[in-house]
Structure formats: C-alpha cells, structure tokens
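Enquirer: sequence and predicted model, in that order:
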Amino acid sequence: MAENTADIYGSLVFNDKVMRDRLPKEVYKSLHETIENGQQLDEGMANVIAHAMKEWAVENGCTHYTHWFQPLTGITSEKHDAFISPQPDGTAIMAFSGKELIQGEPDASSFPSGGLRATAEARGYTAWDPTSYAFIKDEVLCIPTAFISYTGEALDKKTPLLRSMRAISEQAVRVLNCLGVEDVPQVVTTCGPEQEYFLVKLDDYRARPDLILCGRTLFGASPTKGQELDEHYFGPVRETVSGFMQEVDDRLWRLGVDAKTKHNEVAPAQHEIAPTFSRSTTAIDNNLLTMEILRNTAPHHGLYCLINEKPFEGVNGSGKHNNWSLAAPGLNMLDPGDDPAHNTIFLLTLAAVLQAVDDYQGLLRSTVASEGNDHRLGANEAPPAILSIFLGEEIGGIVEAIAAGKDPHSIDTKEMDLGSSVLPHLSQDNTDRNRTSPFAFTGNRFEFRMAGASVNLSSANTVLNTAVAMSFEGYADRLEKAKDAEAEAHKICQEVFKEHSRIIFNGDGYAPDWPAEAERRGLVNNTNTPDALGACIEDKSIELFEHFGLLSKEEVLARYDVDMDHYAKVINIQAMTMYDMGSQMILPAVLEYSGVVAAAAASKQDFNSDIDTGAEDKLLTKLSAGAERITAALEELQKMHDEAAAEEEGAPQAFAYRDKVLPAMAELREASDEMELLVGCEYWPLPTYNDMLFYV
Ligand code: ADP
Ligand code: MG
C-alpha cells in the first residue's frame, strides 16, 4: 500500500478532528458537547455545520448527499440528492442548508411499518443523529439519521436504540452518584460486534439461484470433508482471501471503522472480522457499513460474500457476537478490577445484567429471531435457543458466596510458568472461555452470542440497554433512600444473586440434558422465529418499552407484524426458489442421467445380450425412485405453499409457512440431495458443497 495507513484512517469521516479544524470554536464546542454528553444541539448552529460539511464533502469529490437510515427491513437505506442549486443566471452553486442537514422527507410508503401508516400517508421524516459521524461513501456524503412517520412513530431500528441509550444512561448515572461517583455527564453502552461470513467463488454463486435469491443453499449433499480436522480455524488465510481482506480493511479504515481482527473461522471458507468496540450506536452503524463493504468488495476478487446465518446445511453457521459493556468517563462498569469481590460498582452492574437477562429472556431471544438464525441456534454449533449466563469460576464463586450470605473473596491473578526461560510468564484471565454459552462474561464485558450474522444489532442492544435500565432504576430508587448506600448495594446484590441464580449456567450448552434442566429451571426455550417473536408482544415487554418511552404499544405490535410478515416472505421466496430449481434443474438432471444409463444398458445389450447390466439396472431403479420422490415432493411443496399463501398476512401466514412449507421444503431437499450422490457429476447442474467450500 503506497499510502500510509495512519494517514488514510478516517479520511472519509467528518470526525472530531475535521469538526475542530473547520467549525467556528463555539459551534464545535456545542456539537462536541452533544456528542460526548448527550446535550441537545442548538439548532441555530445547523446552517454553519451544514456549510462546513458540504465544503469538506465537495473537496473530497462529493456531488450528492443522503440521509442514511435503518428502516425495519434491517438493512440501510439511502436516497441521493445533489448539492447542486441552479441560479437565475443559468449557473449553479453547490449548496446545503441546515434544514437539509437536520431533516429529510423520504417517501415512506414502501418501507415496512406494520400498518402504522396507510400507504396514502406516505410522508416520513429522517432526522439527523449528530452523535454518529457523517461519512463519504461512493462520493456521496452520508448523514446518519433516525426515520420516523409523519405522525411521529419510529419507523426504524435506530430511534429506539437512541432512546434506550438515554434510558440506561439516566439510571446508571443515578446509581453511580449514589455510590460516590459524581460529575458523570452520561454513561454510554459499548458494543464490539464480531462479524462472521463465508466467501465462495463468484462463478459458483452465479451458478446457484438459491445463493442469488436467498443467500443460502437450499439443496446440497454434505461435503466429503467438514471441519473435523480443525485445520481452518486460525489457519493461514488463502491468498485470494487475503487480498480481499486487505481491501476491506483499507476501505473500512478510510471510513473510520476500526477493523482490528481478522481470521479464518471454524468452517471451511468461513472467516471473521472484528472492530475495536465503540459506543453502541456508532458500532452498529459501522457494522452495517462493514457488511455492505464485505459484500461490495468480494466481487473485485472473484468472490462472493455470504452473510446469511446458515449458508450450508451441516456446516457451521455464521453468527455475530455482541460484546457489550457500560462506560462512564474513565470507568468500565463491568471491569472487575483486582478485587471483584469488593468492587461494588462491578457487582451491582453484574446484578443488573443478571436480573435483566433473567427477567427478559424471551424478549432478548426475540431480538435475534430470524429464519436464518433458526437453523443455527440449538444446532450444536451455536449456543442453544435458551438464554443463560456464563460467569466462570471466579466471578461465579463470588456471586454464589454473596447469595449465600458468605464472605466473597477474589482470586489472585495466577502467573503461568511456561517451563522455558525464553518464553515470557503469562498472567491468567479470571475466566476461561465457554464457547457454548449464549451470554458469557468475558473478563470486562458480556458477550451475547445468539445474534446471527446478518442481523442489525440495534434491537438486541435496545432490549439489553432497556432491561438493564429497568434493573438500575429499581436499585437507584433504593440507594437514594438508603442511609448507607454501600450496605444497601450489598443487600441488593445478595437478593438479586439469590433470586436470579437460575439464569447462571456454567456447564455445556450443547449437552443433551440441558434443555430438560433449563425447563426445570423455568427458562424460556423458543426454538423458532414465530414462537420467539411472541415474546415481544407480551404485556411485560410492552410495559418495559412504554415505561422508558421507547415505543408505544401500537409501535410494538406493528413491529411484531413486520417481523412475522418478513419471516413468511423469506420462506415464501425460498419455497418458490426450491420449486423452480427442483423442477427446472434437478429433476431434468436426474431424468437425463437416467436416460444416459438406460442408453448405456441398451447399447450393451445390443452389442451382446449376454453382457450383464445389473449395475445399470440397480442404478436406474434408484434414479427412477428418486425422480418419483422429487416429483411427489414438488407437488406437495406447491400445495403447502398455496395453502400458506392463502392465510392472512402477518402472524397467521408466519405460522403456516413454518408448519406447512418448511417440512415440504425439507422433504424436497432430502430427495434431491440423495440424487446428487448418484447422478454423474458432469450431469449435476449445481456447484456442490465440495466445490464451494474448498477452492483456491
Ligand atoms: P474473541 O476472542 O471473543 O473472538 P475478538 O477479539 O474477536 O474476541 O472480539 C472481541 C470484541 O469485544 C472486540 O470487538 C472488542 O473490541 C470487544 N470488546 C472489548 N472490550 C469491550 C467492552 N468493554 N465493551 C464492548 N466490547 C468490547
Ligand atoms: Mg473473535
């Protein structure tokens, strides 16, 4: 790379440095206060900021700007407007006003709203989120915004997240004040998303309608070799992939996305990219950008990037671990420090998280529910669909002691002697890793591991923040009244650790007896999306959202409809794709190959009727039976699809697609995959799992 990495880093971002350099002192100060301390921005300053942004953008080659937002589709949206403003004398100037910065008016009629807004009332607004930096993508100035309807309902994923950040900040600040930490302007939640993905060859992608239309394979016999040799995880990165990763890093760094870690993941052709954590809103904006850049960059290298949760059946799926913590200036509230047993802020924050996850298990699970993720959770590769918390030996021991009214004690950090004078002495972490836990304490943060690769993490973080805010609110009410806040905090910890101990599970989440044990503990186990989404509309969930002014009951119900509808539509597309592939590609291949085998047998017989055609006979019998099974499965799929499609849109359709269409799809797949192993490879119309997973 000719350019210096440090020079290009953030070069396409209107970041703090650019603001400081280009804005008048007063305006910079005010905007900086808004970003750092959550204070309302004086709108009078918008014109000045807009002008500076435009000048900077134009100098960097921009001709257009867009309000960049996150509708309920889960992806991002943008509509480009030129800066150009015609003048009466036939010339034009580049202009951008404060009003254009602050507010946009996209036609909202084609975005899902769950019936909140009739199509005729198409007006929607986008509102500038000054806490996320504007950036330049493809010569367009992108301004992160929230998206709301004409009547003020949130139509996006970001608005509730911003509100949840405010809710948890207010309650956490109250708690900190009670514990003697004064002058805390705000507490922000931090997020570090680890993004997993697969790379396949572009030619293979183009040859598979299921990858093109659904992002995952709907057919395909298991590969001959899987991940059993453990050679891919952290293995050397192949050169094509390495070139791709370098370009991704370069593009992300320019956008100020701190892409830090990259490596091969467990499955063949699977990889991961992780940034350094940041404020949750920024981290999620950046993760959405990362997914976009992964997808856009791959074709430059003859590759295609699959971010679906389960691109290949029987092969590890892709997740997105959501590392989460709470930060006040100079303080990570989940940092155990040297003596966690006596670190009140840490213990109380831990209590707040335990209580939140236990109280809102179903709701938290619902935030990562999707058709793709249903193939992952509980499939012996990802965490189970049951929420539980892993604390590890030391923290778990402290929690147990406090719950039992005993004196808790911290364990001294151990040094490991590696038995060689040239190797350094390493200090051991206070938790070992537990890969099977859906919600693990990992040293100074929690890692929520249920999220699937393609999800917008806003919903998960919104619920996490709000549920923890709810715990904190109860604690703050008590602490503010208490004479001795330390003693009261200790009492709260003891009560919470006792009352919510069922959510702690340090064992193996893949163990076959865990679901039964979880049921005994009364933990929620929703194994599929329609069931999981049901938790959003329970009274308790709606009360939580309303309590902190996040979403109204109508908005929650509307979101439920949008998500159920989305689930049904995803399966509908998959079912139709399968039908077409089955009838237009797979069945013809089986029949053609049967013809070839029959012709071979016939010509042998012609040549010499004594020659044995037993092999052809056997094969033909199997091929004919297979063709018949595929034909029957196609008919059944058609029938089930028609029945499901006839149901009322929203929840009824979602359940019908789950109960009728999914089993029919499974049968068609099984019938077809069996044939894949019999039909001669040059007759098979699709790249196989072996082709797609093992390439150079
Ligand atoms: P792992 O070993 O779990 O794969 P990675 O290094 O891939 O770890 O990812 C860990 C992620 O956790 C990184 O994005 C990192 O920045 C993030 N992280 C670290 N500390 C915090 C924190 N306090 N809050 C949120 N995320 C954090
Ligand atoms: Mg990782």
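Expert: Yep, it's here. Ligands and ions are numbered 1, 2, ... in the order given.
Enquirer: buried ones in stretch 199-208, by neighbour count?
Expert: Neighbour-count burial for stretch 199-208 flags 199-201, 204-205, 207-208 (criterion: 16 or more other C-beta atoms under 10 Å). Placement of C-beta: from N, CA and C, glycine included.
Enquirer: now, these that are in strands?
Expert: Those of these mapping onto strands are 199-201, per DSSP state E.
Enquirer: ok, which pair from the buried residues of stretch 199-208 is furthest apart?
Expert: In terms of C-beta to C-beta, the buried residues of stretch 199-208 reach their longest pairwise distance at L199 and A207, which sit 15.7 Å apart.
Enquirer: ok, which stretches of the stretch 451-600 of the chain are helices?
Expert: Secondary structure of the stretch 451-600 of the chain, counting by DSSP state H, counting those that start in this stretch: helices at 458-481, 485-499, 514-521, 529-533, 539-547, 553-581, 587-607.
Enquirer: the fifth one - what's its average pLDDT?
Expert: The pLDDT scores in helix 539-547 average 98.
Enquirer: what's the separation between the residue nearest to K157 when sequence neighbours are not counted and ligand 1?
Expert: Setting aside the residues directly before and after it, K157 is nearest to S458 in space (C-beta to C-beta, 6 or more residues apart in numbering), at 3.7 Å. Distance from S458 to ligand 1, counting by C-beta to the nearest ligand atom, to the nearest Å: 15 Å.
Enquirer: cool, E592 as well?
Expert: In this structure, E592 and ligand 1 are 47 Å apart, going by C-beta to the nearest ligand atom.
Enquirer: any idea how many residues pack against that residue?
Expert: 14 (other C-beta atoms under 10 Å).
Enquirer: list the contacts of it.
Expert: Taking C-beta atoms under 8 Å, 6 or more residues apart in numbering, we find E592 in contact with Y683.
Enquirer: again, only this time at 10 Å
Expert: By C-beta atoms under 10 Å, 6 or more residues apart in numbering, the contact set of E592 is 679-680, 683, 685.
Enquirer: how much space between H301 and S672?
Expert: H301 is 31 Å from S672, where distance means C-beta to C-beta, to the nearest Å.
Enquirer: no, scratch that, I was asking about M581
Expert: Counting by C-beta to C-beta, the separation of M581 from S672 is 8 Å.
Enquirer: on that earlier part again, most neighbours, which of the contacts of E592?
Expert: Neighbour counts for the contacts of E592 (other C-beta under 10 Å) peak at V679, which has 22 neighbours.
Enquirer: surely that one is in contact with G595?
Expert: No. No contact is recorded between V679 and G595 when judged using C-beta atoms under 10 Å, the distance being 11.6 Å.
Enquirer: helix or strand for the residue in the chain that ligand 1 sits nearest to, which one?
Expert: Distances from the chain to ligand 1, computed as C-beta to the nearest ligand atom, single out G192 as the nearest residue at 2.5 Å. Here G192 is covered by strand 188-201, with elements defined by DSSP states H and E.
Enquirer: cross-check the contact I'm expecting between M585 and Y683.
Expert: No. Between M585 and Y683 no contact is recorded; they are 11.0 Å apart, counting by C-beta under 10 Å.
Enquirer: quick one: end-to-end length of stretch 225-233, please.
Expert: When the termini of stretch 225-233 are compared using C-alpha to C-alpha, to the nearest Å, they are 15 Å apart.
Enquirer: stretch 267-283 now?
Expert: End-to-end span of stretch 267-283 (C-alpha to C-alpha): 26 Å.
Enquirer: what's the neighbour count on the residue lying closest to S388 once chain neighbours are set aside?
Expert: Nearest-residue entry for S388: F505, 3.8 Å, with adjacent residues in sequence omitted and distances by C-beta to C-beta, 6+ apart. The criterion is other C-beta under 10 Å. On that basis, F505 has 26 neighbouring residues.
Enquirer: how about F505, phi and psi?
Expert: According to degrees, to the nearest 10, the main-chain angles of F505 amount to phi -140, psi 110.
Enquirer: correct me, but it touches G392?
Expert: No. F505 sits out of contact with G392 when judged by C-beta under 10 Å, with a separation of 11.8 Å.
Enquirer: what is in contact with those two at once?
Expert: Common neighbours of F505 and G392, counting by C-beta under 10 Å, 6+ apart, are 434, 437.
Enquirer: who touches the residue nearest to S388 in this structure?
Expert: For F505, the contacting residues are 384, 386-391, 396, 434, 436-439, 514, 517-518, 521, 523, by C-beta under 10 Å, 6+ apart.
Enquirer: next one: M564
Expert: The neighbours of M564, taking C-beta under 10 Å, 6+ apart as the test, are 114, 369, 529-530, 533-534, 536, 649-655, 657.
Enquirer: how about it: what's its closest non-neighbour residue?
Expert: Nearest-residue entry for M564: A654, 4.1 Å, with adjacent residues in sequence omitted and distances by C-beta to C-beta, 6+ apart.
Enquirer: distance of that neighbour from H641?
Expert: Between A654 and H641 the distance, using C-beta to C-beta, works out to 14 Å.
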